[in-house]
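1. coordinates for the following, if possible.
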Amino acid sequence: MPVKLPMSKKRMIYIICFFFFCLIDQRIRTTSGLDGWGETFRDLTGVVMAVLILSHYHLNDFRKRKIPYLVWSLVCVIGGIAFLWKGQSLVWFANDRAVLVPDVFLFGIILIHTFTDIVLEQKKPRIFKPFAFVWLAMMILMVVSRSEYLWPFCYLVMFGCFYLTDYTAAEREDLFQGMLDGIILGFFVLQGWCFAFRPYDAVRYVGVYSNCNINALFYLVVLAAALTRLVQVYRRSGSRLLRLYYWTGTGVVLGFLFMTISRTGWFAAAVLVLVGLLCLRQVQSRRNLFVSLMKNGLIVVLCAVLTFPLVFGAVRYLPPAFHHPVWFFGEWNEDKVHSWDKWDSDKFVDLDRLMRVANSRVAVILESLFEKAAPDSAPRPEVEGENHQITEEKAVWPEVSPLQQQLYDEALAAGFALDRADRGNALLVRKAIYRYYIHLLNFRGHPDSEQGFQIFPNQRIGHAHNIYLQYGVDFGIPVMLLFTVLVVWSAVGFVKRFAGRPFEIPAGCLMFLLIPAVFGLLEYCWGPGSLAVTLLFVIWKWAVCEENG
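-> Model prediction:
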């Protein structure tokens, strides 16, 4: 149920584009990595970004100087055919090559148009130069780092052109509204598919993903969209029915978030709700701050509590009605629900088990804070950030290969690995991870092959569980500092702009920014193609182009 706004053709295009960003995120995180589809969908991000940029142009814009476009088209036709036919040594999978060809073609067109606009026709897009220069410096340092990643160069070209595209005020409004609509549409489509094909047989709900933390990250994006729409409805004096719809939607998303049992997700959701309620107070009657927060906070809690039985019931009982379970790569095992299992099979997770595990994960943090060690006799087969499940039975440690044991012994000797008895202590685990990755920090970063350590004999840590630290290890200390500066700078800018003129755009940009900024404190946001990271670069459009606006 969208807010009643005129639906332009461009807004419809933007809705489809942001829906595809949601789909791309889901496919990247659930493919096997053995057939090239993960890379294919990741590179599809470029095609979607090209559509977002090209939507600003008119056909007459390309008729003024036909020669450069014709030459580039001819080059791409010849080169594209050769690349598809003989490019296996460069890009192994044909499906990935089939996406890279339109990527290169479309952004070649965009680069030609951007160059002619700015250099030849002297069109000056509105750019807040200090912020843009810091962003540019960060991206260049990422490109020249030792990381060996290609995506920083692609993002430099994609979003550099995006920021230099001088959208009109109406187009920026359509872009923002289309972003909200596309995310909400993505939630309905993906979660609806999930209700039919993803039985609830893992305590930490993975939804349409294969990792509970990534699922929580997706719900955070949907939560930010719902809260932004709530601010918009009140600012535009929307109907009571519409207000009820978005209050209820906020409660529903919080219910899904709870079922992921992601402590990082819970923390980020609390921050988003608090910021959303503060923004909501500004667009209401400016009543007493404490009264407003208490009243609206109570509404959020009531909506979450009252809708949770419906959320749990849909997750638990709808998939058995269809009985066609779908597994993603690496998920299948005998303990999963199969099509022949009855609807009341013990393989399904019941409410009692969900609440018991949720309480257990909270207790682990409280015990760690109060320095109470977990019992050695029952180590938990789960570490924060990994997609394993807590069980109430005594953990059975899997066999460890000689190589794993050797790597663990080396890490233990270096002071980075932990004893098995510390596996249930989330704070010690995080401390060990951060200690290892901090010692890797330098000025030019590291390739992926130089990262990772064996924290336990049967578990290897492959990322820093912190987006700031991960950027520092991947690209160097200067990039980590510049990335932090950009996050803080843009957040302050959105707060100031909203305080001066309470509109949903700065409020929404702030909330989307806070997702990687806050969630990224305790987790990595999973790199190129990730919905949260893509949206971070998208909303920086308003920081780059309207910081002084």
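2. got any ranges where the protein has weak pLDDT?
-> Applying pLDDT under 70 to the chain flags residues 1-6, 286-287, 368-398, 546-549.
3. now for it: which helix has the highest residue count?
-> Ranked by residue count, the top helix of the chain under DSSP state H comes out as helix 289-322.
4. okay, buried residues for that helix please.
-> The neighbour-count check on helix 289-322 (16 or more other CB atoms under 10 Å) flags 292, 296, 299-300, 303-304, 307-308, 311-312, 314-316, 318-320 as buried. The C-beta positions use only the backbone N, C-alpha and C, and glycine is treated the same way.
5. what's the closest of those to residue 330?
-> Lowest distance from residue 330 to the buried residues of helix 289-322 (CB to CB) belongs to residue 319, with 19.6 Å.
6. just the CA atoms of stretch 517-532, as PDB, please.
-> The C-alpha coordinates for stretch 517-532 follow below in PDB (Å, rounded to 0.1, in the frame of the first residue of the first chain):
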ATOM      1  CA  ALA A 517      27.500   2.000  10.000                       C
ATOM      2  CA  VAL A 518      26.000   0.300  13.000                       C
ATOM      3  CA  PHE A 519      25.600  -3.300  11.900                       C
ATOM      4  CA  GLY A 520      29.100  -3.000  10.500                       C
ATOM      5  CA  LEU A 521      30.500  -2.400  14.000                       C
ATOM      6  CA  LEU A 522      30.100  -6.100  14.800                       C
ATOM      7  CA  GLU A 523      29.800  -7.700  11.300                       C
ATOM      8  CA  TYR A 524      31.100  -7.200   7.900                       C
ATOM      9  CA  CYS A 525      28.400  -6.200   5.300                       C
ATOM     10  CA  TRP A 526      29.500  -8.700   2.700                       C
ATOM     11  CA  GLY A 527      31.100  -6.600   0.000                       C
ATOM     12  CA  PRO A 528      30.200  -5.800  -3.600                       C
ATOM     13  CA  GLY A 529      26.600  -6.500  -4.500                       C
ATOM     14  CA  SER A 530      25.400  -6.500  -0.900                       C
ATOM     15  CA  LEU A 531      22.100  -4.500  -0.700                       C
ATOM     16  CA  ALA A 532      23.300  -2.500   2.400                       C
END
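7. and for the nearest residue to residue 56 once chain neighbours are set aside, the neighbour number?
-> Once flanking residues are discounted, residue 56 sits nearest to residue 165: 5.2 Å by CB to CB, 6 or more residues apart in numbering. For residue 165, the neighbour count with other CB atoms under 10 Å is 21.
8. can you show me the strands along the protein?
-> 453-456, 459-461 (DSSP state E).
9. partner strands of the first one, with direction?
-> According to DSSP bridges, the neighbouring strands of strand 453-456, each with its direction, are strand 459-461 (antiparallel).
10. any idea how far the partner strand is from the middle of the chain?
-> Put simply, strand 459-461 sits 22 Å off its chain's centre (CA atoms, centre = their mean, to the nearest Å).
11. quick one: contacts of it?
-> When contacts are defined by CB atoms under 8 Å, 6 or more residues apart in numbering, strand 459-461 is touched by residues 383, 386, 404, 407, 433, 436, 452-455.
12. hmm, which of the residues you listed are the buried ones?
-> The neighbour-count test (16+ other CB under 10 Å) marks 383, 404, 407, 433, 436, 452-455 as buried among those.
13. double-check the residue nearest to residue 56 against residue 54; I have them as touching.
-> No - under the criterion of CB atoms under 8 Å, residue 165 is not in contact with residue 54, lying 9.2 Å apart.
14. related to what we said a few turns ago, who wins for proximity to residue 512 among the strands of the chain?
-> Residue 512 sits nearest to strand 459-461 of all the strands of the chain, at 28.3 Å, using CB to CB.
15. that older thread, export the strands of the chain to a markdown table and tack on distance to residue 64?
-> Putting the strands of the chain into a markdown table (distance: least, CB to CB, whole Å) gives the following:
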| stretch | distance to residue 64 |
| --- | --- |
| strand 453-456 | 57 |
| strand 459-461 | 55 |
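16. out of those strands, flag the one nearest residue 135.
-> Going by CB to CB, the one of the strands of the chain nearest residue 135 is strand 459-461, 30.0 Å.
17. give me the buried positions along that closest one.
-> Within strand 459-461, the residues that count as buried by 16+ other CB under 10 Å are 459, 461.
18. and what of stretch 188-201?
-> 190-191, 194-195, 198-201.
19. please flag which of the residues you listed sit within helices.
-> Per DSSP H, the buried residues of stretch 188-201 map to helices at 190-191, 194-195.
20. now the two most distant members of the residues you listed.
-> Pairwise distances across these peak at 10.0 Å for 190 and 195 (criterion: CB to CB).
21. state the number of residues packed around residue 82.
-> Neighbour tally, residue 82, other CB under 10 Å: 10.
22. ok, back up a step: out of the ones in helices among the buried residues of stretch 188-201, which comes closest to residue 258?
-> The closest of these to residue 258 turns out to be residue 191 (CB to CB; 14.8 Å).
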